[in-house]
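Student: predicted coordinates and the sequence they were generated for:
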Amino acid sequence: MIKLVAFLGNYGSEYEKTRHNVAWQFASQLPFYSRLNFQNKFKGDYAVVETSVLAHWFAETGMYSKKDGSDPIVPEGSPDKIYFLKPLTYMNLSGESVGELARFYKILPEEILVVHDELELPLGTVSLKWSGGLGGHNGLRSMKSTFGTADFWRLRFGLTKPQNRDIADYVLSNFTADEQIILAQEFAQTNEMFAKFLLSTDENQQRILQGWSKRKLI
C-alpha cells in the first residue's frame, strides 16, 4: 500500500506553469490540497495526513465516496498516515529528497507513488505504472540512484514528445492556454482514481493498474 506520494518538479515561480512541473500542477488542484499543512524538511516541502482523515476528505470533496456518500472504507492493514512530498532539489536530484523522507519514516520503494511528466505519452493520456524503465527521465533516474531500484509506482502525465525541438527547452516551457484546458479536464478525471489507489489493497492496486496502464482521457 502507498505510504508516500512524491510530486516531482522544479522549485521557483519561473517553473510553475512549465510542462516539467505537471505533477505539481496536479497536486495543487487536488480538492484537499489547501488542507495539507506543508513543512520544509527532507530537502522539500512535505505534509502528513492520517489515512482515516484523508478518506473523509475524499468523500467530503467529492473525490471518492461510497454510494451513500459516506466516507470510503480504509482497508485493513492500511498505513496510519500518508505523506505528500514536493522535492525542492530541482528535478535532477529528486531522489535525494524522497530518499531522506523515506529513510526517516522507514518507507520502502514499493510503498512510494511518484507523480511525474512523461514525454513518451501524448498530452491527454494518463498512465499508472509499476516499476519498469526510466524513459530518460532525470527525476526517475535520481530515484533509482537513491534507492538502488526502479521498483516504485509511477503516475505519469503525457506531454507529447516534440518534433524538431530541443527537449530541455520544451519541458521547461509553459503549457499553452489550450493545453491548460486539456490538463484541467485530465486532472478532474484522474482525481477519483488517485483517491481509490491511495486507499486500495494490493489486490485492488492491480485492478486499478489494469484500467489505467495507459488511458487516453482527452
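Tutor: Structure's in. What do you need?
Student: His137 and Val114 touch, don't they?
Tutor: No. Counting by CB atoms under 8 Å, His137 stays clear of Val114, with 9.6 Å between them. Where you see a C-beta, it was placed from the backbone N, CA and C, and this is true even at glycine.
Student: how about Arg35, nearest residue that isn't a chain neighbour?
Tutor: Trp57 (6.5 Å; CB to CB, 6 or more residues apart in numbering).
Student: buried stuff in the helix or strand harbouring the one you found?
Tutor: Trp57 is part of helix 51-60, with elements assigned from DSSP states H and E. For helix 51-60, the neighbour count (16 or more other CB atoms under 10 Å) marks Thr51, Leu54, Ala55, His56, Trp57, Phe58, Ala59 as buried.
Student: ditto for stretch 163-182
Tutor: For stretch 163-182, a neighbour-count test (16+ other CB under 10 Å) marks Tyr170, Val171, Leu172, Phe175, Glu179 as buried.
Student: which among the residues you listed gets closest to Lys106?
Tutor: The nearest member of these to Lys106, counting by CB to CB, is Val171 at 33.2 Å.
Student: thought that closest one was touching His116?
Tutor: No. Here Val171 does not reach His116: they are 10.9 Å apart, not a contact under CB under 8 Å.
Student: what sits against Gln29?
Tutor: Shown in contact with Gln29 (CB atoms under 8 Å, 6 or more residues apart in numbering): Ala184, Phe187.
Student: distance of it relative to Gln185?
Tutor: Distance, Gln29 to Gln185, using CB to CB, to the nearest Å: 11 Å.
Student: do Ser173 as well
Tutor: From Ser173 across to Gln185, the span is 21 Å (CB to CB).
Student: mean confidence score for the host helix or strand of Glu179?
Tutor: Per DSSP H and E: Glu179 is located in helix 177-198. Helix 177-198 shows a mean pLDDT of 97.
Student: next, the angle helix 51-60 makes with that helix.
Tutor: Put simply, helix 177-198 runs at 130 degrees to helix 51-60, going by axes from the mean of the first three to the mean of the last three CA atoms, to 10 degrees.
Student: so when I look at Phe157, I'm seeing a strand, right?
Tutor: Yes. Assignment of Phe157 by DSSP: H, G, I helix; E, B strand; the rest coil places it within a strand.
Student: isn't it right up against Trp24?
Tutor: No. Contact criterion CB under 8 Å: Phe157 and Trp24 do not qualify, at 10.9 Å.
Student: higher neighbour count, those two?
Tutor: Ranked by neighbour count (other CB atoms under 10 Å), Phe157 and Trp24 place Phe157 first, with 24 against 19.
Student: please name the nearest non-neighbouring residue to that one.
Tutor: Val22 (4.7 Å).
Student: secondary structure class for the one you found?
Tutor: helix.
Student: what's the answer for Val126, then?
Tutor: State at Val126, reduced to three classes by three-state DSSP: strand.
Student: next, give phi and psi for the residue lying farthest from the centre of the chain.
Tutor: In the chain, counting by CA atoms, centre = their mean, Asn164 sits farthest out from the average C-alpha position, at 28.9 Å. Here the main-chain torsion angles of Asn164 (degrees, to the nearest 10) amount to phi 60, psi 40.
Student: thank you, goodbye.
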